[in-house]
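> Got a predicted structure plus its sequence, pasted below:
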Amino acid sequence: MCATKKATGDMYGSRQKLWDMTWLYQEISDFARIFNVEDRGQALIADFKKREADLRQEFGKSKKDLSFVFWFSSASPSADAYVGGKNSASGFIASVLGGHNAITSETEWPTVSWESIIAANPDVIVVASLDRNRWALDKPRRDQIPQKRSRRQPAGGGEKRHIVVMDGQAMNSTIRTLYGAEQVGEQLRKMGLN
């Protein structure tokens, strides 16, 4: 996965173009060949491709172009947010669901102030569910998302209550990413945002 990153001084790197499943498919194919289960590897790749195509078809036809912020974690309620960058796996999920990442940084995991998130005015805030329990905010509590905004700023995802929860690991570029897109998609359907 690192093959698509560029060095930036940020330990997570950044991407100049949107991540997609290409490298993941290559890894699945390579491992399947190493373990002599190539048929199973190709079946898994075909399954992932179909599931991605199904999501793109369902959410792409709405033409809503929802803007997303993928909030991974924060050290405290007053601390800046660790969010998925524009071209990260989170950006890929937004694209699959017919939208875009409201965060414009090419950094893989930028730290962004809540004021910047409010200014980005996302339609949907995706909150990571994390099992690590490193900080109190690792628990996916929607009520911990700051609701304050400038009087000059329009209401965004936090005020519209378009807040969904997904597995935090699916925000990384892994085999779980598509599962995360499906998790978010299921919640968007319930909100009538498909």
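That came through, no problem.
> Could you use CA atoms for every contact and neighbour count after this?
Fine.
> Show the pLDDT at residue 154.
What the model reports for residue 154 is a pLDDT of 46.
> With residue 192 instead?
93.
> host element of it?
For residue 192, there is no enclosing helix or strand under DSSP states H and E.
> swap in residue 68?
Per DSSP H and E: strand 67-73 holds residue 68.
> Mind jotting down where the helices sit in this structure?
With helices called from DSSP state H, the chain shows them at 22-34, 38-60, 89-96, 114-120, 157-160, 177-190.
> Which one of those has the poorest average confidence?
helix 157-160 (a mean of 54).
> ok, residue 98 to residue 174 distance?
Counting by CA to CA, to the nearest Å, the separation of residue 98 from residue 174 is 20 Å.
> Residue 167 too?
In terms of CA to CA, residue 167 sits 12 Å off from residue 174.
> between the two, who's got more neighbours?
The residue with more neighbours, out of residue 167 and residue 174, is residue 167; 22 against 15, by other CA atoms under 10 Å.
> Contact partners for that one?
128-130, 180 (CA atoms under 8 Å, 6 or more residues apart in numbering).
> before we move on, back to that, can you show me the CA trace of the strand holding residue 68 as PDB?
Below are the C-alpha coordinates for strand 67-73, written out as PDB (Å, rounded to 0.1, in the frame of the first residue of the first chain):
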ATOM      1  CA  SER A  67     -19.300  15.500   1.400                       C
ATOM      2  CA  PHE A  68     -17.800  13.400   4.100                       C
ATOM      3  CA  VAL A  69     -15.400  13.800   7.100                       C
ATOM      4  CA  PHE A  70     -14.000  10.600   8.500                       C
ATOM      5  CA  TRP A  71     -13.100  11.300  12.100                       C
ATOM      6  CA  PHE A  72     -10.700   8.600  13.400                       C
ATOM      7  CA  SER A  73     -10.000  10.000  16.900                       C
END
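> Geometric centre of the chain: which residue is closest?
Taking CA atoms, centre = their mean, the centroid of the chain lies closest to residue 90, which sits 2.3 Å from it.
> confidence score at the residue lying closest to residue 63 once chain neighbours are set aside?
Using CA to CA, 6 or more residues apart in numbering and skipping residues adjacent in sequence, the residue nearest residue 63 is residue 98, 7.0 Å away. You'll see residue 98 listed with a pLDDT of 96.
> I'd say residue 98 and residue 65 touch.
Yes - assessed by CA atoms under 8 Å, residue 98 is found in contact with residue 65 at 5.6 Å.
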